[in-house]
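*Asks:* predicted model, plus sequence, below.
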Amino acid sequence: EVQLVESGGGLVQAGGSLRLSCAASGFSFDVYEIGWFRQAPGKEREGVSCISSSDGSTYYADSVKGRFTISSDNAKKTVYLQMNSLKPEDTAVYYCGAATLGSSCLPDYWGQGTQVTVSS
């Protein structure tokens, strides 16, 4: 059974940091791209960052470049999203998704999400 379990969300003041984790199981981790996505109330889900487990290549949305860092521990089958200099507009439910390599990080599988709230 494919599982993606996010953790690490919470409430933080603007300017603060959080690290999200996405623990994967039930599929071949090294042939997938793992992405982080977020959905704020009343808005569509948007892509935040993505990493290829095969070659480590990364993608970041312009809104988070320079503030967020995605990384992968293939041995632990876990992807992290280090979020620094958080802003109130980063408030959202953050989801991780697993996508087949070469699919532009469009997930086949989703986690349940973790809430990130940034207070001003």
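*Replies:* Arrived safely, thanks for sending.
*Asks:* where along this protein do the strands fall?
*Replies:* 3-7, 10-13, 18-25, 32-39, 46-52, 58-60, 68-73, 78-83, 92-100, 109-110, 114-119 (DSSP state E).
*Asks:* packing partners for the first one?
*Replies:* Under the contact definition 3 or more C-beta pairs under 8 Å, 6 or more residues apart in numbering; DSSP states H and E, strand 3-7 sits against strand 18-25, strand 92-100. Using the backbone N, CA and C atoms, a C-beta is placed for each residue, glycine as well.
*Asks:* deepest of those strands, which one?
*Replies:* Mean neighbour count, computed with mean count of other C-beta atoms under 10 Å, is highest for strand 92-100 among the helices and strands packed on strand 3-7, reaching a mean of 22.
*Asks:* the spatially most central residue of the chain and Ser120, how far apart?
*Replies:* Nearest to the mean C-alpha position of the chain, counting by C-alpha atoms, centre = their mean, stands Trp36 at 2.4 Å. Using C-beta to C-beta, to the nearest Å, one gets 23 Å for the distance from Trp36 to Ser120.
*Asks:* equivalent analysis for Glu1, please.
*Replies:* The gap separating Glu1 from Ser120 is 40 Å, by C-beta to C-beta.
*Asks:* pick out whichever of the two has more residues nearby.
*Replies:* For Glu1 versus Ser120, neighbours defined as other C-beta atoms under 10 Å are more numerous around Ser120 (9 against 5).
*Asks:* apart from its neighbours in sequence, what residue is nearest the more buried one?
*Replies:* Closest residue to Ser120 apart from its sequence neighbours, by C-beta to C-beta, 6 or more residues apart in numbering: Pro88 at 4.7 Å.
*Asks:* what's the burial count for the one you found?
*Replies:* Other residues close to Pro88 by other C-beta under 10 Å number 11.
*Asks:* also Ser63?
*Replies:* Burial measure for Ser63: 13 neighbouring residues, criterion other C-beta under 10 Å.
*Asks:* and the pLDDT for it?
*Replies:* Note for Ser63: predicted pLDDT of 97.
*Asks:* low-confidence ranges in this protein?
*Replies:* Within the chain, no range satisfies pLDDT under 70.
*Asks:* and stretch 42-59, which residues are buried?
*Replies:* 47-53, 59 (16 or more other C-beta atoms under 10 Å).
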